[in-house]
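Participant: this one's sequence-less:
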């Protein structure tokens, strides 16, 4: 994700990206830990720091659960960065499909994988290229 590209890959960035991805939901530290691939202890450390600076809402029913404050300017800025990067990549992505001389129907009549491999030179070639 873009935050990693901008700020490097560290635990807090991974945690923030997961919180941004699930911005409408409260998540437990264990859920965040699993999704961000960081230890629960690390998640708790960062959650406490993020809570101190005021960017988290904390729900204390049962297990403590966290979500980013949707009206915090810093959270909104991070969300805009992520959303704009996603849109930029989506709009600039150009997929081109190039097919060899053989058409798709000539390949689809082969019912066995071995037959397709034997006729691989006849198979249409899909070429995905992107421009970013």
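Facilitator: That came through fine. Just so it is clear, the structure is predicted and the values come from calculations on it, not from any experiment.
Participant: domain ranges for the protein?
Facilitator: Under the assignment automatic domain parsing, the domains of the chain span 2-92, 94-132.
Participant: can you flag the weakest of these by average pLDDT?
Facilitator: Mean pLDDT across these is lowest at domain 94-132; the value there is a mean of 49.
Participant: could you report the neighbour count for the residue lying closest to residue 72 once chain neighbours are set aside?
Facilitator: Take residue 72 and drop its neighbours on the chain: the residue closest to it by C-beta to C-beta, 6 or more residues apart in numbering is residue 55, 5.1 Å away. For the C-beta atoms, the positions are set from N, CA and C on the backbone; glycine is no exception. When neighbours are counted by other C-beta atoms under 10 Å, residue 55 registers 18.
Participant: residue 55 is in contact with residue 74, isn't it?
Facilitator: Yes. Applying C-beta atoms under 8 Å as the test, residue 55 and residue 74 come out as touching, 5.6 Å apart.
Participant: report the beta-bridge partners for the nearest residue to residue 22 once chain neighbours are set aside.
Facilitator: Leaving out its chain neighbours, the residue that sits closest to residue 22 by C-beta to C-beta, 6+ apart is residue 67, at 7.4 Å. Bridge pairing for residue 67 (DSSP bridges) gives the partners residue 57.
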